[in-house]
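1. Structure of the sequence below:
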Amino acid sequence: MKVYETAFEAKKSIGVWRQKYNQERRHYSLNRRAPDAAYCSGKLPRQAT
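-> Numbering: from 1, shown residues only. The predicted structure follows:
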């Protein structure tokens, strides 16, 4: 776990991580698309029932 010196440093680092996770990192469950791309396309994978 990373320890931050200030709240500002933590917010900045977490913001960068969230951007990469949601806009760049491809997810297997989303047919190898980033969450933002999958959501904006309107074609999300169907969930098992």
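2. Low-confidence regions, the chain specifically.
-> 43-49 (pLDDT under 70).
3. redo that, cut-off 80
-> Along the chain, the parts satisfying pLDDT under 80 run over 22, 42-49.
4. Please enumerate the helices of it.
-> In order along the chain, the chain carries the following helices (DSSP state H): 7-19, 35-41.
5. most tightly surrounded among those?
-> Of all the helices of the chain, helix 35-41 has the most neighbours on average by mean count of other CB atoms under 10 Å, namely a mean of 14. In short, each C-beta sits where N, CA and C put it, glycine included.
6. elements contacting that one?
-> In terms of contacts (3 or more CB pairs under 8 Å, 6 or more residues apart in numbering; DSSP states H and E), helix 35-41 is not packed against any helix or strand.
7. Hmm, residue 37 and residue 31 touching each other?
-> No. Between residue 31 and residue 37 no contact is recorded; they are 9.9 Å apart, counting by CB atoms under 8 Å.
8. for the helices of the chain, which one sits closest to residue 25?
-> The closest approach between residue 25 and any of the helices of the chain, judged by CB to CB, belongs to helix 35-41 at 8.3 Å.
9. hang on, the earlier thing: now the helices of the chain in a markdown table, with distance to residue 27?
-> Putting the helices of the chain into a markdown table (distance: least, CB to CB, whole Å) gives the following:
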| stretch | distance to residue 27 |
| --- | --- |
| helix 7-19 | 14 |
| helix 35-41 | 6 |
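10. And the ones you listed: which comes nearest residue 26?
-> Using CB to CB as the measure, helix 35-41 is the one of the helices of the chain that comes nearest residue 26, at 8.8 Å.
11. List the residues that contact the closest residue to residue 24 other than its chain neighbours.
-> The shortest distance from residue 24 to any residue that is not its chain neighbour, by CB to CB, 6 or more residues apart in numbering, is 5.9 Å, and that residue is residue 34. Under the criterion of CB atoms under 8 Å, 6 or more residues apart in numbering, the contact list for residue 34 reads 22, 23, 24, 25, 26, 27.
12. The same query, at a cut-off of 6 Å, please.
-> Remark: with contacts taken as CB atoms under 6 Å, 6 or more residues apart in numbering, residue 34 is in contact with 23, 24, 26.
13. Brilliant, that's me finished.
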